[in-house]
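K.L.:
Would you be able to build a 3D model of this:
(chains A and B)
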Amino acid sequence: MSQPLSAHRFPLTLALLTVLVTLFMLTPMALSMTAGLVNNYSRGLASGLTTRWLEQVWEGYGDTLFWSLVIASSCAVITTVVGVPCAYALARSRSRGARLFEELLTLPVAVPGLATGLALILVYGQFRYFRQSFLFILVGHIVFTLPFVVRTVGSAFANRELISLEEAARTLGAGFAHRLLGVLIPAVMPAIVASALMVFTLSVGEFNLTWMLHTPLTRTLPVGLADSYASMRIEVGSAYTLIFFIVVLPLLWGLQVIANEVQKRYGT
Amino acid sequence: MAWLIALPAHKGWATYIAIFTHPRYWLSLLNTVGLSLLVTFCTLVLGGAVGIFLARHAFVGRAVLLSVLTLPLSFPGVIIGFFMILLGGRQGLIADLSEALGAGRWTLAYGFLGLFLAYLYFSLPRAIATYTAAAEKMDCALEEAAKTLGASRYAILRDVWIPELAPTTLACAAIVFATSMGAFGTAFTLATKFEVLPITIYSEFTNYANFALAASLSIALGLVTWSVMYLARRYSHSATVLL
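P.N.:
All right, here's what the predicted structure looks like:
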């Protein structure tokens, strides 16, 4: 870092842009937080503060929060259990098929969630009970997030040092189970935690896909949000957004702290 | 997935190229690509500026500011649509301000501008996080050498910053472009008058139950974004981007 030098390079322009961008990013957050607490949005703070919008949201949409968290945690667990072995197999395979498969793994970023949702409905839509359960949304989320796990953990497995470490363990006569528990898993632990966290975050916020898959009885948090924006007073929508901030953000932040701890402990 | 690709064939091969033959779909695709390109460009410029600023200046609350600025990464798209309604909607802040200035109530949330600002909103955090990380790793020696040799500010921007950050820029651009192309929640919440492809696909599917066409449009959308990501990956191997 060369503070005195670069600080005088584009001082004003950069600082001004940063302030502008910060304002642009913060104003809506502040607006939505206050709008959920006032009696009447168009009259502003003068109409007094209230928690009745929050209560209304809690009654009408409280279950969406619960289901979102359930789906996100199950999704994180399942994608980890399925994705880690897949990642290992891919990282150790030298076949052309494996490379092609890796290319396919970038698809969920490129293919809009809308299309994935469409595909799932077209294929599985006729199984009525499946279609009407939260399982359907969970499957959608798994399809969407699994590639992230395989990619993140796969690149950790592909680390050259780890490959030679594993070779060394094998030369010394360690069986696969021994190598797995003693060498591989500890080495890729940070990647596993990071990817599980990413899956959780993606799943909680997922809308594109979920909106296609949801039914009036199976709604997640973002689906409920969209519903309240479309059909309720602006205060209710804001209160709902506030609940998202209060519940989900500290949770994500706490998970991030845990992930960083793991990173410190296992990271090299 | 395979089903999705095969489906349009049931309605005849013409469905695959409907996006080229029907002006409405073609326009929607052009709208989406144009909007995404514009958003990508502005995001890179603004995100790059903020990233370099944050990487170079140590001040109290810098870490907090950075984490607040990257907070929207975890917001669902619908929330960002709602933010735009609060800012530029009929009861929005901008309407209040413009009325106070005697210019009538401006509502920009439901048109092109609202959509553009909303897309910028969800793209910026990613660019800021990526550029801050990249600029912190940037080698200062080049810049110092350039300065000692009397290079102008503009010359440093052009010959040092832009080339140093080029791999980051390329990778970041691809991700921002891809997310903008596929963003559905935001446009959906704004019920925008500016039609983008994800909305077209959605209305084909739900309002007209035209599954084959919806599938065909999804394929077109997927192909555009996938090829952009593919090209970006081919040309930048080293850069890492926050997804």
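K.L.:
shaky segments in the chain?
P.N.:
Chain wasn't specified; assuming chain A. Chain A contains residues with pLDDT under 70 at A:1-11, A:42-48, A:106-110, A:267-268.
K.L.:
The chain in question should be chain B.
P.N.:
B:1-21, B:236-243.
K.L.:
hmm, 80 instead?
P.N.:
B:1-24, B:58, B:89-111, B:137-143, B:150-154, B:156-160, B:164, B:191-193, B:205-215, B:233-243 (pLDDT under 80).
K.L.:
What about residue B:100, how many residues nearby?
P.N.:
When neighbours are defined as other Cβ atoms under 10 Å in any protein chain shown, residue B:100 has 8 of them. For glycine as for every other residue, the C-beta is placed from the backbone atoms N, C-alpha and C.
K.L.:
do you know how far it is from residue A:24?
P.N.:
Distance, residue B:100 to residue A:24, using Cβ to Cβ, to the nearest Å: 20 Å.
K.L.:
Same check on residue A:240?
P.N.:
Distance from residue A:240 to residue A:24, by Cβ to Cβ: 23 Å.
K.L.:
residues in contact with residue B:85?
P.N.:
Residue B:85 sits next to A:229, A:234, B:92, B:109, B:189-190 when contact means Cβ atoms under 8 Å, 6 or more residues apart in numbering or on different chains.
K.L.:
now swap in residue B:30 and tell me
P.N.:
Taking Cβ under 8 Å, 6+ apart as the test, residue B:30 contacts no residue whatsoever.
K.L.:
Surely residue A:222 touches residue A:205?
P.N.:
Yes: contact criterion Cβ atoms under 8 Å: residue A:222 and residue A:205 qualify, at 6.3 Å.
K.L.:
Could you name every residue contacting both of these two?
P.N.:
Joint contacts of residue A:222 and residue A:205 (Cβ under 8 Å, 6+ apart) are residue B:76.
K.L.:
Run through the neighbouring helices and strands of the helix or strand containing residue A:187.
P.N.:
Element membership for residue A:187 (DSSP states H and E) is helix A:185-205. Using 3 or more Cβ pairs under 8 Å, 6 or more residues apart in numbering or on different chains; DSSP states H and E, the elements in contact with helix A:185-205 are helix A:52-92, helix A:134-157, helix A:160-171, helix A:249-266.
K.L.:
Residue A:168 versus residue B:204, what's the distance?
P.N.:
57 Å.
K.L.:
Name the residues of the helix holding residue A:187 that are buried.
P.N.:
Of all the residues in helix A:185-205, those buried under the rule 16 or more other Cβ atoms under 10 Å in any protein chain shown are A:187-205.
K.L.:
That one to helix A:52-92, inter-axis angle?
P.N.:
140 degrees (axes from the mean of the first three to the mean of the last three Cα atoms, to 10 degrees).
K.L.:
thinking in terms of the whole chain, how far from its middle is helix A:185-205?
P.N.:
Its chain's average C-alpha position is 9 Å from that of helix A:185-205, according to Cα atoms, centre = their mean, to the nearest Å.
K.L.:
ok, residues contacting the next helix or strand after it?
P.N.:
Downstream of helix A:185-205, the first helix or strand assigned by DSSP H and E is helix A:208-213. Residues outside helix A:208-213 that contact it (Cβ under 8 Å, 6+ apart) are A:112-114, A:116-118, A:120-121, A:136-137, A:140-141, A:144, A:220, A:222-223, A:226, B:77, B:182-185, B:188, B:198, B:202, B:205.
K.L.:
One more pass at 6 Å, please.
P.N.:
A:113-114, A:116-117, A:136-137, A:140, A:144, A:220, A:223, B:184 (Cβ atoms under 6 Å, 6 or more residues apart in numbering or on different chains).
K.L.:
if you count what's nearby, which of residue B:204 and residue A:168 comes out ahead?
P.N.:
residue B:204 (22 against 12).
K.L.:
Stretch A:16-26 near chain B at all?
P.N.:
Yes: contact between stretch A:16-26 and chain B, assessed by Cβ under 6 Å from any Cβ of the partner chain, occurs at A:17-18, A:21, A:25.
K.L.:
buried set for that stretch?
P.N.:
A:17-18, A:21, A:25.
K.L.:
Next: stretch B:107-125.
P.N.:
B:107-110, B:114-125.
K.L.:
now the contacts of residue B:85 as a markdown table including distance to residue B:46?
P.N.:
Output for the contacts of residue B:85, formatted as a markdown table (distance: Cβ to Cβ, whole Å):
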| residue | distance to residue B:46 |
| --- | --- |
| A:229 | 27 |
| A:234 | 28 |
| B:92 | 22 |
| B:109 | 20 |
| B:189 | 23 |
| B:190 | 21 |
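K.L.:
what residues does the stretch 51-200 of chain A put near chain B?
P.N.:
A:109-112, A:114-115, A:118-119, A:122-123.
K.L.:
Export those as JSON lines, with columns for secondary structure and neighbour count.
P.N.:
Output for these, formatted as JSON lines (DSSP: H, G, I helix; E, B strand; the rest coil; neighbours: other Cβ atoms under 10 Å in any protein chain shown):
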{"residue": "A:109", "secondary structure": "helix", "neighbour count": "20"}
{"residue": "A:110", "secondary structure": "helix", "neighbour count": "21"}
{"residue": "A:111", "secondary structure": "coil", "neighbour count": "23"}
{"residue": "A:112", "secondary structure": "coil", "neighbour count": "25"}
{"residue": "A:114", "secondary structure": "helix", "neighbour count": "29"}
{"residue": "A:115", "secondary structure": "helix", "neighbour count": "28"}
{"residue": "A:118", "secondary structure": "helix", "neighbour count": "27"}
{"residue": "A:119", "secondary structure": "helix", "neighbour count": "22"}
{"residue": "A:122", "secondary structure": "helix", "neighbour count": "18"}
{"residue": "A:123", "secondary structure": "helix", "neighbour count": "14"}
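K.L.:
From these, pick the one nearest residue B:141.
P.N.:
residue A:109 (35.3 Å; Cβ to Cβ).
K.L.:
Do I have it right that residue A:21 meets residue B:49?
P.N.:
No: checked against Cβ atoms under 6 Å, the pair residue A:21 and residue B:49 is beyond contact range at 7.9 Å.
K.L.:
can you list the residues of chain B near chain A?
P.N.:
B:1, B:3-4, B:46, B:49-50, B:53, B:56, B:69, B:74, B:76-79, B:82-83, B:86-87, B:91, B:140, B:153, B:178, B:182, B:184-185, B:189, B:198, B:201, B:214, B:218, B:221-222, B:225-226, B:229.
K.L.:
roughly how far is the longest helix along chain B from the heart of the chain?
P.N.:
If you go by DSSP state H, chain B has its longest helix at helix B:23-56. Offset of helix B:23-56 from its chain centre (Cα atoms, centre = their mean): 5 Å.
K.L.:
Over to stretch B:200-214?
P.N.:
Worked out by Cα atoms, centre = their mean, stretch B:200-214 lies 24 Å from the chain centre.
K.L.:
Just the CA trace of that stretch, in CSV.
P.N.:
Output of stretch B:200-214 as CSV, limited to C-alpha atoms (Å, rounded to 0.1, in the frame of the first residue of the first chain):
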residue,chain,number,x,y,z
THR,B,200,-41.6,-12.6,-21.8
ILE,B,201,-40.8,-16.2,-21.0
TYR,B,202,-42.8,-16.1,-17.8
SER,B,203,-45.9,-14.6,-19.5
GLU,B,204,-45.7,-17.0,-22.4
PHE,B,205,-45.7,-19.8,-19.8
THR,B,206,-48.3,-18.7,-17.4
ASN,B,207,-50.6,-16.4,-19.4
TYR,B,208,-50.7,-18.2,-22.7
ALA,B,209,-49.6,-21.7,-21.6
ASN,B,210,-47.3,-21.7,-24.5
PHE,B,211,-44.8,-24.2,-23.1
ALA,B,212,-42.9,-24.9,-26.3
LEU,B,213,-42.3,-21.3,-27.0
ALA,B,214,-41.3,-20.5,-23.4
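K.L.:
got the buried residues for that stretch?
P.N.:
Buried-residue list, stretch B:200-214, by 16+ other Cβ under 10 Å: B:200-202, B:204-205, B:210-214.
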